[in-house]
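got a structure for you, letters missing:
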C-alpha cells in the first residue's frame, strides 16, 4: 500500500522556537495533503488542507501565521509551528491523498509528538 | 466542518466475541466512508471503506454496514482479538476529511 513518511516522530523544543514537521508521500504523488492535530483521548482535528503549488486552506480557528504550511512539490508538505508555546504541545498527523488513485482513500503518516517546554 | 460522530466512546468485549462500533454522519451528500484504526502514539490505519451505492462490504474479519436512510454506518469485527484493541474512527471523504470522536475498543482476554 501507499506510504506516507512523517518526520520527526518526536520533538522537544523550548518555548519561542519554531519546529518544522515534514510529510512525504513515498510512492505516489499527492496534490492534496491534510494536517491534523490530536490531543490525548480525542479525535483528529483537521487543521488545514495543503494544496500543491497554492496556499493552504485553514480550518476555522486555526492561526495561519502560527501554523505555516508549505506544499512545494507533489510529494512533500511541511508544517512549521512558529514561536511554539506549551499549549502547542500535541500530536500532529499528516495525511495524503493519491492524486493518481481511483478512490479518495487517505494514507496517514505515523504522527509527530511535539512537546514544548 | 462536517459532523461525523460516534455513539459510544468506549467498548469492552471478550476475546473471541464479535464487536460492533457505530457511527453517525450528518451530511446526506456524503458518498464515501472509511473506517480507521489508531493505536496509541501512531497514525490512523485504513481498515475498510464503503461507497454510498453499497449497503455492506466485507473484509477480513471486518464488515462495514451503511444505512443511508438514517445516515449511520457500523463496523463489525468478528472473533475480536487482543490486537484489535485500539481507537476506531469513521471518516467521511470529500473535499475535506473529517473524523468522528472515536470509539476506544478494549478486548478482554
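Thanks, I have the structure now. Only a predicted model underlies this, so the values are computations on that prediction, with no experimental measurement involved. Numbering: from 1, shown residues only, chains lettered A, B, ... in the order given.

who does the helix or strand hosting residue B:48 touch, helix- and strand-wise?
Take DSSP states H and E as the rule and residue B:48 turns out to sit in strand B:45-51. In terms of contacts (3 or more C-beta pairs under 8 Å, 6 or more residues apart in numbering or on different chains; DSSP states H and E), strand B:45-51 is packed against strand A:106-108, strand B:32-38, strand B:56-58, strand B:62-67, strand B:72-77. C-betas here are computed from N, CA, C, even on glycine.

Sketch out the low-pLDDT regions of the chain for me.
Chain wasn't specified; assuming chain A. The model of chain A has pLDDT under 70 over residues A:1, A:99-104.

switch to chain B, that's the one I care about
Scanning chain B with the threshold set as pLDDT under 70 gives B:1-8, B:94-96.

and if we set it to 90?
Applying pLDDT under 90 to chain B flags the ranges B:1-10, B:23-32, B:40-43, B:46, B:52, B:68, B:71, B:91-102.

Chain A contacts on that one?
Residues of chain B lying close to chain A by C-beta under 8 Å from any C-beta of the partner chain are B:1, B:32, B:34, B:36, B:41-46, B:49, B:89, B:91, B:93-102, B:104.

Which ones among those residues map onto helices?
Residues of these located in helices (DSSP state H): none.

Put the buried members of those residues into a PyMOL selection.
Buried members of those, defined by 16 or more other C-beta atoms under 10 Å in any protein chain shown, are picked up in PyMOL with:
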select buried, chain B and resi 32+34+36+42+43+44+46+49+89+91+93+97+98+99+100+101+102+104
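
Can you flag which of the residues of chain B next to chain A belong to strands?
Taking DSSP state E, the ones among these that sit in strands are B:32, B:34, B:36, B:45-46, B:49, B:89, B:91, B:93, B:97-99, B:104.

Relative to residue B:91, how far out is the closest residue to residue B:51 other than its chain neighbours?
Ranked by C-beta to C-beta, 6 or more residues apart in numbering or on different chains and with sequence neighbours excluded, the top spatial neighbour of residue B:51 is residue B:32, at 5.5 Å. Distance, residue B:32 to residue B:91, by C-beta to C-beta, to the nearest Å: 9 Å.
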